[in-house]
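K.L.:
could you look at this predicted model? Sequence included:
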Amino acid sequence: MTAAELAFLAIAGFGAGMVNGVAGGGSMLSFPALLVVGLPSLTANVTSTVGIWTGYLGGAAGFRRNLETQRHRLPPLAAVAFVGAVVGSLLLLLTSQGAFDALAPWLVLAACALFAAQPWLARRVAAGGLSGRSHRVLRDLGVFAASVYGAYFGAGLGVLLLAVLGITMVGRMNDLNAIRTVLALLVNSIAVVVFAVAAPVEWAAAGVMALAALGGGYLGARSAARMPVPVFRGVVLVIGLAAAIGLLLY
């Protein structure tokens, strides 16, 4: 790759890390950027996953104060996310990119709709008198499905996780976003391990993007932590809709 291409990927990596720090969906910056420099779609997909992993790490660091009060909620969610991430990573190795390209925009749009309806759905779930066990089952199924999806492609993972957590868990949006960041980091980490072993990663591109995404993820998380909830919700929906439109146009 030329120096200009690597510089371009560094900018895309920083932007992707920042978007992931705020709400997720950074792969809609990194994935097209890798296509622009000439990588095949499957290689671009796995290289994007590896390259922006550090953005999730930076995001978790940016939310560390929120995580201090949420650590007790993470172990059961992390166990479900781990299993989902393994399933999603293996599915990517077994299926064609073309099949997922057709499905991905509709999955992202569904995640946006779910997130937009989250306050209403949360009230309906609460009014329905579901037991604590039923809430946990609904939460775990949602986290599992989001983790499978996130390891397979990743665009809109944060939006989907936030919708699931907002509907099935009680807490401030910033606290739920902090949990979302850790779960997304775990999902992406599993995918990175699988792809590093068995997928065609373009390591020069991934390395440049990883360095830039680390700083972007930290800045994005710090920005999200200071946003009023209505503004944050609007940003999440804009990111999700942009991701869906980008996939449809691609």
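P.N.:
Here it is on my side, so go on.

K.L.:
what does stretch 204-222 contact?
P.N.:
For stretch 204-222, contacts defined as CB atoms under 8 Å, 6 or more residues apart in numbering pick out 1, 6, 9-22, 26, 30, 34, 37, 39, 47-48, 50-63, 181. (Glycine included, C-beta is placed from N, CA and C.)

K.L.:
drop anything exposed from those residues.
P.N.:
Buried subset of the contacts of stretch 204-222 (neighbour count, 16 or more other CB atoms under 10 Å): 9-10, 12-22, 26, 30, 34, 37, 39, 47-48, 50-63, 181.

K.L.:
what ranges do the helices span in the chain?
P.N.:
3-22, 27-36, 41-51, 53-62, 64-67, 74-94, 97-116, 118-127, 132-152, 157-168, 173-198, 203-226, 229-249 (DSSP state H).

K.L.:
which pLDDT value belongs to residue 179?
P.N.:
What the model reports for residue 179 is a pLDDT of 89.

K.L.:
excluding chain neighbours, what is closest to it?
P.N.:
Nearest in space to residue 179, with sequence neighbours left out and distances taken as CB to CB, 6 or more residues apart in numbering, is residue 70 at 5.5 Å.

K.L.:
how about that neighbour, phi and psi?
P.N.:
Main-chain dihedrals, residue 70, degrees, to the nearest 10: phi -120, psi 0.

K.L.:
that one: how many residues sit nearby?
P.N.:
Residue 70 has 18 neighbours, counted by other CB atoms under 10 Å.

K.L.:
cool, and the one 3 residues further on?
P.N.:
By other CB under 10 Å, the residues close to residue 73 number 17.

K.L.:
distance of residue 152 from residue 110?
P.N.:
Going from residue 152 to residue 110 by CB to CB, to the nearest Å gives 15 Å.

K.L.:
the more surrounded of the two?
P.N.:
residue 152 (26 against 16).

K.L.:
any idea how far that one lies from residue 199?
P.N.:
From residue 152 across to residue 199, the span is 12 Å (CB to CB).

K.L.:
mutual contacts of those two, please.
P.N.:
residue 92.

K.L.:
worst-scoring helix or strand of this structure, pLDDT-wise?
P.N.:
Least confident helix or strand of the chain, by mean pLDDT, DSSP states H and E, is helix 118-127 with a mean of 64.

K.L.:
tell me the phi and psi of residue 169?
P.N.:
Here is the backbone geometry of residue 169 (degrees, to the nearest 10): phi -130, psi 150.

K.L.:
just checking, it touches residue 178?
P.N.:
No: contact between residue 169 and residue 178 fails when scored by CB atoms under 8 Å: they sit 12.0 Å apart.

K.L.:
among these two, which residue is more densely surrounded?
P.N.:
Set residue 169 next to residue 178 and count neighbours by other CB under 10 Å: residue 178 wins out with 27 against 17.

K.L.:
in contact with the more buried one, which residues?
P.N.:
Neighbouring residues of residue 178 by CB under 8 Å, 6+ apart: 60, 63, 66, 67, 70.

K.L.:
what's the most distant pair in the residues you listed?
P.N.:
Farthest pair in these (CB to CB) is 60 and 70. Separation: 11.5 Å.

K.L.:
how about the residue nearest to residue 202 when sequence neighbours are not counted, what does it touch?
P.N.:
Nearest non-adjacent residue to residue 202, counting by CB to CB, 6+ apart: residue 47, 4.6 Å away. Residue 47 makes contact with 34, 39, 201, 202, 205, 206, 209 under the criterion CB under 8 Å, 6+ apart.

K.L.:
is there a quick ChimeraX command that grabs whichever of these are buried?
P.N.:
Command for ChimeraX that selects the buried part of these, burial taken from 16+ other CB under 10 Å:
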select :34,39,201,202,205,206,209
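
K.L.:
between the contacts of residue 47, which is nearest residue 158?
P.N.:
Of all these, residue 158 sits closest to residue 209, with 17.7 Å by CB to CB.
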